[in-house]
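Trainee: here is my input; please provide its structure:
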Amino acid sequence: MRRTHRLCLPPCSEAEDTPNKLSDSDPLVNIPVRPLLLNMFHLFLVAAILCQHVQAADILVVALTYGSSWMSVAKIAEALASRGHVVTVVAHASQKSDLMRKWPTLQYETFGDPDKPPLMKEVYKTMVPKLAFSSSGALDLMTLWSTGTSALLDLNEETLSDKQLLTKLKNSHYDVVLTYAVTFCGPLVAQYLDLPLVCTMRTIGDNFTISAALARTDVWLYQSDLMFDFPKPMMPNMVSIAGHMAEDVKPLSEEMEEFVQSSGDDGVVLVTFGSLIADMPAEKADMLAAAFARLPQKVVWRYAGTPPPSLGSNTKTMEWVPQNDLLEAMYHGVPLVGMPLMNDAHDNIARVEARGMAVSLDIHSVTSEDVYQAITTVISNPRYKEKADQVSTPLRDQPQSPMERAVWWTEHVIKHGGLPHLRSRAIELPFYQYYLRI
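Mentor: Got it, this is the predicted structure:
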């Protein structure tokens, strides 16, 4: 029979005469020790688990609040907020209500006139969609680059010249600055506030350079992976978070669920040209609609323009669908038909095409028949799905999810007040000494 250990403490008055005797009225008589200690252990274990998180911190996000770069930063910001951190975003006053509606878990500090949106909004809203389908080539790209650069400089100047904002930020005692590299003045704000800096960026190219402000970055969270990128030497403060935008499958709305289920075994095709493109020239839209109408699959198309004449009953247009870029498609193992429009899209689709999981088409010369044949080929030929799965498996087979890694490293910077020991010593060398050592 297992012995039950009991707690036996003598009353003070009888301690000398009867050291191990208790009266029947003593409240400590017959209390089992083992269950008590076991309960205490469970409480300690729960407390240890709850206390493993870093102490709640004040995080300042200084990033361009437009386009896919903002969505990338916002995703990390939301994850940090869900961990109990107070995450504050610097944004133009004209955007505050829209940002609060879409990202309600974040706080906001604003600058500028709420009734005068910055030129950058016009660039993203009208110029980018217009030039994306232009066939003028280099001239249009130069126009976009010139106008976009001017708009970005104006927005930076408006931010950094707001003394009231800077004073408030200075007095708020933030713990770290999170920013998207290059596109906005986050590194400058971090330097002004003398705070640790965490930068996210699309990828680290072969011609990557950093200014004095960016050289202070404690951790780089780059959104690429060797399954997508090319091998290159990395510094210890460069951390891949490729696929951090990918989400687990969430329940669809009742209307969308009914539409998807109506496809039967044929499946669904998702059509989107990125976060900035919701409209296109009428002839392009009709050309695509005619191709989609021939498919046996159901088609969900992010399109906010006038419904094309050739729009089929199998196609559902929506003003917004959750955006999944190439890395998310790779993460989930989904084959692609790509029609790159501008910037790095051409390079990106070429990389996944080289992996055997995509077919690329030229949006300027493609016909409805080309689109139909490309989609049919990618769906019917199992090789594309097999290649997509071969890319997806190692991307997903990691000890941490990409988002967990992004959060951990950000909290690691906060916990230690920066990670200067991980930075390259090359940033401390004058240029002549650096090149002499090479």
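
Trainee: hey, where'd the strands end up in the stretch 151-300 of the chain?
Mentor: 176-180, 197-201, 219-222, 238-240, 268-271, 298-302 (DSSP state E, counting those that start in this stretch).

Trainee: care to break this structure down by domain?
Mentor: 58-112+162-244+402-437, 254-395 (automatic domain parsing).

Trainee: with mean neighbour count and mean pLDDT added, can I get those in JSON lines?
Mentor: Every residue, glycine included, has its C-beta placed from N, CA and C. Listed next are the domains of the chain as JSON lines, based on neighbours: other CB atoms under 10 Å; pLDDT from 0 to 100:
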{"stretch": "domain 58-112+162-244+402-437", "mean neighbour count": "18", "mean pLDDT": "86"}
{"stretch": "domain 254-395", "mean neighbour count": "17", "mean pLDDT": "88"}
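
Trainee: and of those, who's closest to Thr126?
Mentor: Nearest to Thr126 among those is domain 254-395; the distance by CB to CB comes to 9.9 Å.

Trainee: need the residues that contact the particular helix or strand that has Tyr372 in it.
Mentor: Using DSSP states H and E, Tyr372 sits in helix 368-380. Residues outside helix 368-380 that contact it (CB atoms under 8 Å, 6 or more residues apart in numbering) are 267, 269, 287-288, 290-292, 294-295, 297, 335-337, 358-359, 361, 384.

Trainee: just the ones of those in helices?
Mentor: In this view, the contacts of helix 368-380 that belong to helices under DSSP state H are 287-288, 290-292, 384.

Trainee: number of nearby residues for the closest residue to Ser94 other than its chain neighbours?
Mentor: Excluding the flanking residues, the one nearest Ser94 by CB to CB, 6 or more residues apart in numbering is Pro117, at 4.3 Å. Pro117: 15 surrounding residues under other CB atoms under 10 Å.

Trainee: pLDDT wise, what is Pro117 at?
Mentor: Looking at Pro117, its pLDDT reads 86.

Trainee: part of a strand, is it?
Mentor: No. Counting by DSSP: H, G, I helix; E, B strand; the rest coil, one finds Pro117 to be coil, located in no strand.

Trainee: quick thing: my sequence starts at 521, can you match it?
Mentor: In the new numbering, first residue 521, that becomes Pro637.

Trainee: touching, it and Ala611? I think so.
Mentor: No. Contact between Pro637 and Ala611 fails when scored by CB atoms under 8 Å: they sit 11.6 Å apart.

Trainee: tell me where the stretch 821-958 of the chain has helices.
Mentor: 846-852, 865-874, 888-900, 902-916, 922-936, 951-957 (DSSP state H, counting those that start in this stretch).

Trainee: of all the ones you listed, which lies closest to Glu678?
Mentor: It's helix 922-936; of these, that one is closest to Glu678 (CB to CB) at 27.2 Å.

Trainee: now the angle between strand 717-721 and that closest one, please.
Mentor: 160 degrees (axes from the mean of the first three to the mean of the last three CA atoms, to 10 degrees).

Trainee: can you say which of the helices of the stretch 821-958 of the chain is nearest to Gly794?
Mentor: Among the helices of the stretch 821-958 of the chain, the nearest to Gly794 by CB to CB is helix 865-874 (7.9 Å).

Trainee: and the closest one, what does it pack against?
Mentor: helix 846-852, strand 856-858, strand 878-880 (3 or more CB pairs under 8 Å, 6 or more residues apart in numbering; DSSP states H and E).

Trainee: how about the secondary structure of Ala611?
Mentor: Classification of Ala611 by three-state DSSP places it in strand.

Trainee: how about the nearest residue to it once chain neighbours are set aside, what does it touch?
Mentor: Excluding the flanking residues, the one nearest Ala611 by CB to CB, 6+ apart is Thr585, at 4.9 Å. Applying CB under 8 Å, 6+ apart, one finds that Thr585 lies in contact with 609, 611-612, 615, 619.

Trainee: hmm, who's touching the longest helix that the chain contains?
Mentor: For the chain, the helix that runs over the most residues, judged by DSSP H, is helix 658-680. Applying CB under 8 Å, 6+ apart, the external contacts of helix 658-680 come out as 582, 584, 610, 612, 631-632, 638-640, 642-643, 647-648, 651, 654, 685-686, 703-705, 708-709, 862.

Trainee: what do you get if the cut-off is 7 Å, keeping everything else the same?
Mentor: Contacts of helix 658-680 with the rest of the structure, by CB atoms under 7 Å, 6 or more residues apart in numbering, involve 610, 631-632, 638-640, 643, 647, 651, 654, 703-705, 708.

Trainee: for Leu915, state which of these is nearest.
Mentor: Using CB to CB, Thr703 comes nearest to Leu915 of the contacts of helix 658-680, at 25.7 Å.

Trainee: for the residue positioned nearest the centre of the chain, helix, strand, or coil?
Mentor: Taking CA atoms, centre = their mean, the centroid of the chain lies closest to Ser592, which sits 3.1 Å from it. Recorded secondary structure, Ser592: helix (three-state DSSP).

Trainee: on that earlier part again, out of the contacts of Thr585, which one sits closest to Tyr952?
Mentor: Checking the contacts of Thr585 against Tyr952 with CB to CB, the nearest one is Val609 at 40.8 Å.

Trainee: contact partners for the closest one?
Mentor: Contacts of Val609 by CB under 7 Å, 6+ apart are 581, 585, 597, 619, 626, 628.

Trainee: from Ala926, how far off is it?
Mentor: Counting by CB to CB, to the nearest Å, the gap from Val609 to Ala926 is 16 Å.

Trainee: again with Gly938
Mentor: From Gly938 over to Ala926 (counting by CB to CB), the distance is 17 Å.

Trainee: now Val780
Mentor: From Val780 to Ala926 the distance is 30 Å (CB to CB).

Trainee: with Ala599 instead?
Mentor: Ala599 sits 7 Å away from Ala926, going by CB to CB.

Trainee: please enumerate the shared neighbours of the two.
Mentor: Counting by CB under 7 Å, 6+ apart, nothing touches both Ala599 and Ala926.

Trainee: residue contacts, the residue lying closest to Leu915 once chain neighbours are set aside?
Mentor: Of all residues not flanking Leu915 in the chain, Tyr851 sits nearest, at 5.3 Å (CB to CB, 6+ apart). By CB under 7 Å, 6+ apart, Tyr851 lies in contact with 763, 766, 912, 915-916.
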